[in-house]
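Trainee: Generate a structure from the sequence data that follows.
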Amino acid sequence: MSKPQVFVTRIIPDEGLEMVRTAADVDVWQGELPPPYDVLVEKIASVDGLLCLLTDTIDRGLIHAAGESLKVISQMAVGYDNIDIPAATERGIPIGNTPGVLTDATADFAWALLMAAARRVVEADKFTRDGHWKTWGPTLLLGPDIAGATLGIVGLGRIGQAVVKRAQGFQMRIVYHDIQRRPDLEEKMGVEFASLDSLLQESDFVSIHTVLSDETHHLFGDKQFELMKPSGILINTARGPIVDPIALYSALHNGKIAYAALDVTESEPIHADDPLLELENIIITPHIASASKQARTKMATMAAENLIAGLKGEDLPNCVNPEVYSLSA
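Mentor: Below you'll find the model as predicted:
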């Protein structure tokens, strides 16, 4: 009996890829960049399963191009805003993702960005490498204290809560804003609920951990930066389009806020001529918050488990559209 056919849109960690190869005949895209859309259209027409990444556009047109054999789409990511979930559900195709596994890795990186921005680590490294370090100076590269400061968390999900735990060790006052108030966590974690406006006005650091949706697209714009402290620091490890980059540039350039540290940008990769790259008071990293070896390996194995379950006609361990099962029942 022949094995099912699977297309994997990028080289993933060996542990996950070997699991897929054991269960299926696998075609892996070898390029460093994502496969072009026309390649996805060609591949999806003849495979039983697709293992994709957040950088792949899995829209209605692509899903409609899928052949009758397509049983599952498994994404090696927590988020899935690149996938047209309603279109997949209409076709009876379950979509898998990899939740939970990168919580600590992302929280660690958000904290790394917060500390690097506060203490101007990247600037200091460049200052040293460029030969400007002549002596110790009492006002050289000063930054704000972290201990005892106020941290605003926008989105108190798994990652937001993990950042709170890290902040507790620095005796920070922690306020949060979310679409749903969490009184259970307020008492358990010692956090305070606030409106977004109040959070922005009170916080020394603002860390974004909310999902990207129509409601959160450009949630941070001119108005929000006007509300922040001139000494405020913004950290975003969630999704780039939550922050309006034009408004952020203006805020940083004109001193409305002091600093920003981004692991995500509206356009990824960020364009080489983006004005944000001209600024000294910003850190921009290439979407690597989950890039610990352990997290990426676990993501790959979870994506493989979802894919293999779908190929067998079994429920996915982590399915973002479980209603698909009742539709096919």
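Trainee: Now do the longest helix anywhere in the chain: distance to the chain's middle.
Mentor: Longest helix in the chain, counting residues (DSSP state H): helix 293-311. Chain-centre distance of helix 293-311: 18 Å, with Cα atoms, centre = their mean, to the nearest Å.
Trainee: distance between the following helix or strand past it and the chain's centre?
Mentor: Moving toward the C-terminus from helix 293-311, the next helix or strand (DSSP states H and E) is helix 323-328. Chain-centre distance of helix 323-328: 28 Å, with Cα atoms, centre = their mean.
Trainee: quick one: the strands in the stretch 51-200 of the chain?
Mentor: 72-75, 95-96, 150-154, 173-177, 192-193 (DSSP state E, counting those that start in this stretch).
Trainee: if we can go back for a sec, mind giving me the packing neighbours of the longest helix of the chain?
Mentor: helix 14-23, strand 49-52, strand 72-75, strand 95-96, helix 103-118 (3 or more Cβ pairs under 8 Å, 6 or more residues apart in numbering; DSSP states H and E). All C-beta spots, glycine's among them, are computed from the backbone N, C-alpha and C.
Trainee: then the longest one to CSV, C-alphas only?
Mentor: This points to helix 103-118. C-alpha atoms of helix 103-118 as CSV (Å, rounded to 0.1, in the frame of the first residue of the first chain):
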residue,chain,number,x,y,z
THR,A,103,5.4,30.2,25.8
ASP,A,104,8.6,30.2,27.8
ALA,A,105,10.8,30.8,24.9
THR,A,106,8.8,33.8,23.8
ALA,A,107,8.5,35.2,27.3
ASP,A,108,12.2,34.9,27.8
PHE,A,109,12.8,36.8,24.6
ALA,A,110,10.3,39.5,25.4
TRP,A,111,12.2,39.9,28.7
ALA,A,112,15.5,40.0,26.9
LEU,A,113,14.2,42.8,24.6
LEU,A,114,12.9,44.7,27.6
MET,A,115,16.2,44.6,29.4
ALA,A,116,18.2,45.3,26.3
ALA,A,117,16.1,48.4,25.5
ALA,A,118,16.1,49.6,29.1
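Trainee: Now do it, average pLDDT.
Mentor: Averaged over helix 103-118, pLDDT sits at 97.
Trainee: In JSON lines, list the strands of the stretch 51-200 of the chain along with distance to residue 114, mean neighbour count and mean pLDDT.
Mentor: JSON lines is the format used below for the strands of the stretch 51-200 of the chain (distance: least, Cβ to Cβ, whole Å; neighbours: other Cβ atoms under 10 Å; pLDDT from 0 to 100):
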{"stretch": "strand 72-75", "distance to residue 114": "28", "mean neighbour count": "29", "mean pLDDT": "98"}
{"stretch": "strand 95-96", "distance to residue 114": "32", "mean neighbour count": "28", "mean pLDDT": "98"}
{"stretch": "strand 150-154", "distance to residue 114": "8", "mean neighbour count": "25", "mean pLDDT": "98"}
{"stretch": "strand 173-177", "distance to residue 114": "13", "mean neighbour count": "22", "mean pLDDT": "98"}
{"stretch": "strand 192-193", "distance to residue 114": "19", "mean neighbour count": "15", "mean pLDDT": "98"}
